[in-house]
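> Sequence first, then the predicted structure, then my questions.
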Amino acid sequence: MYIFDVKPVLDNDGHYGYLLVVAAAIGAVELVIGGAAEDGPCNEAVSDLVVPVSVKYGIMSSGIDGLHSQHLKDLSSIGRKTEMCNYRDSIGEFLRPKQLGYGTKRGCEAAVDCCRIFIHQNTDTPKVLLKIDFRNAFNTVERNEMLKCVKDRIPKLYNILFQCYSKSSQLFFGEKRILSQVGAQQGDPAGPLLFCLVIQAVIENLNSELNIFYLDDRTLGGDKNTAAIEIINVIDRSIEVAFESISNISFDEQQVCIASLLIKFGGLGLRKGSDIMMPAFLASVNSVLGLITLMLQNITNETCIAFYPEALMEWQSVYSSSFPPVVSTQRNWDEINIAFQLNSLQFSNDSQMSRFKALQVKESNAWLTVPSTKSIGILLDNSVFRIGIALRYGCRICMQHHLPVVS
């Protein structure tokens, strides 16, 4: 905590100097920026500013009662804004060309013109243009990620932003106090910078032909097939994240692949859309072909059905000449796909291989198919189920905790 005891000093007109308070507060900001608080946050505010202030400076009372919280807030914002000006150009260069909302002059105009050109140049080819506006975007980023990005990219700003965001701040609603724990604070001049830094890692993983971000406004454009694949990947990832959140278990890529299989093949039945969409479509077309030929007299075979020839060619490109004996059943197509996935799995050690082979034994999967009935004592509690799933796939559920050595 920094305590400033500023003594009253008369100016030439006989008035006390309010500017001394300003100088003291700016001094506090400079201390933080300069690294004086590098070891940790100030847990208490700068509290003792003892300065009698005259009517000339617009304050009717004296001492700390004559100052409003907005005064110090404004000074802190000025400090952050001043520091950020030194890095605006370099950060803008880092974010471009996909992010135009910070550090890029006329970025909004460039984004609009870019979308116009993309649309008019692709009038003869089917393209997809998607406009997204994130709801409550600035309050969805975690503050620890904000600080991590700042420390990695702009370490000289880390100290002052650590003071602002390492601890929860309080929001006042009447007599109620609400902790502000997520996202940038409203009105913080560093808010756009922090938001852009956090989402940059996500943006770099996008493969869209057109990919423009202006803060929380996003525009994507590209080939319709690429867009469809990305949508399926988002759905698959959402299922994965949901199960990890429910079970409190973290899965790696290979563990997710095995868990997405049917239970009888060692999985959990958490099927991926990318795995079942082709078997589902091919089986569906073949199962209704007879009915379609009755409804449309000019349909003679399945190759006349929209998208079926393309789907069949894609299937052959992956699975060669493997076709099920009964083409109207989805399970038959799906098992060919599962067999292909099982053969493509590679294990880095013998324990992973042994665990996977054990999952192929029918009895090892029986406990997942038993009805969960509490009345007869076969309902597993949450912790037992979690541990069972983790042991089944070799997931990490425990971490070493080193107790501090007390001398």
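All right, it came through fine. These numbers come from a predicted model, not from an experiment. Numbering: from 1, shown residues only.
> who's in contact with residue 274?
229, 232-233, 236 (C-beta atoms under 8 Å, 6 or more residues apart in numbering). For the C-beta atoms, the positions are set from N, CA and C on the backbone; glycine is no exception.
> PyMOL command for the buried members of those residues?
Selecting only the buried entries of the contacts of residue 274 in PyMOL, with 16 or more other C-beta atoms under 10 Å as the criterion:
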select buried, resi 236
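> So which of the contacts of residue 274 are in strands?
Using DSSP state E, no member of the contacts of residue 274 sits in strands.
> Out of the contacts of residue 274, flag the one nearest to residue 354.
If you rank these by distance to residue 354 using C-beta to C-beta, residue 236 comes first, at 27.8 Å.
> ok so, going back, go through the contacts of residue 274 and name the one with the lowest pLDDT.
Minimum pLDDT across these is recorded for residue 229, with 83.
> So residue 135 lies in a helix, does it not?
No: assignment of residue 135 by DSSP: H, G, I helix; E, B strand; the rest coil gives coil, placing it outside any helix.
> Quick check on residue 96: phi, psi?
The phi/psi pair for residue 96 (degrees, to the nearest 10) reads phi -70, psi 150.
> give the contact list for it.
By C-beta under 8 Å, 6+ apart, the neighbours of residue 96 are 103-104.
> go with 6 Å
By C-beta atoms under 6 Å, 6 or more residues apart in numbering, the contact set of residue 96 is residue 104.
> What of residue 210?
Residue 210 neighbours (C-beta under 6 Å, 6+ apart): 118, 221.
> Next: the one 4 residues further on.
Under the criterion of C-beta under 6 Å, 6+ apart, the contact partners of residue 214 comprise 100-101, 108, 111.
> With residue 126 instead?
The contact partners of residue 126, taken as C-beta under 6 Å, 6+ apart, are residue 224.
> mind running it again at 8 Å?
By C-beta under 8 Å, 6+ apart, the neighbours of residue 126 are 223-224.
> And it, its phi and psi?
Taking degrees, to the nearest 10 as the convention, residue 126 sits at phi -70, psi 120.
> can you pull the pLDDT of it?
Value for residue 126, per-residue pLDDT: 80.
> how about the strands of this structure, start to end?
127-133, 169-173, 176-180, 210-214, 217-223.
> so what does the third one touch, helix or strand wise?
The helices and strands touching strand 176-180, judged by 3 or more C-beta pairs under 8 Å, 6 or more residues apart in numbering; DSSP states H and E, are strand 169-173.
> Run me through the strand neighbours of the strand it packs on, direction for each.
Sheet pairing of strand 169-173 (DSSP bridges) gives strand 176-180 (antiparallel).
> list the buried ones in the partner strand?
Result for strand 176-180 [16+ other C-beta under 10 Å]: no buried residues.
> rewinding a little: among the contacts of residue 274, name the ones in helices.
Under the assignment DSSP state H, the contacts of residue 274 contribute 229, 232-233, 236 to helices.
> possible to save those as JSON lines with distance to residue 243?
Rendered in JSON lines, the data for those read as follows (distance: C-beta to C-beta, whole Å):
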{"residue": "229", "distance to residue 243": "22"}
{"residue": "232", "distance to residue 243": "17"}
{"residue": "233", "distance to residue 243": "16"}
{"residue": "236", "distance to residue 243": "11"}
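> Mind giving me the ChimeraX command for buried ones among the contacts of residue 214?
Entered in ChimeraX, the line below selects the buried ones among the contacts of residue 214, by 16+ other C-beta under 10 Å:
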select :100,101,111
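> between the contacts of residue 214, which is nearest residue 307?
When the contacts of residue 214 are ranked by distance to residue 307 (C-beta to C-beta), residue 111 comes first, at 33.8 Å.
> Once you drop chain neighbours, what's closest to that closest one?
residue 212 (4.9 Å; C-beta to C-beta, 6 or more residues apart in numbering).
> residues contacting the nearest residue to residue 204 once chain neighbours are set aside?
Distances taken as C-beta to C-beta, 6+ apart put residue 98 closest to residue 204, at 7.7 Å, once the chain neighbours are dropped. If a contact means C-beta under 8 Å, 6+ apart, then residue 98 has 203-204, 206, 211-213 as its contacts.
> cutoff 6 Å now
Residue 98 touches 203, 211, 213, counting by C-beta under 6 Å, 6+ apart.
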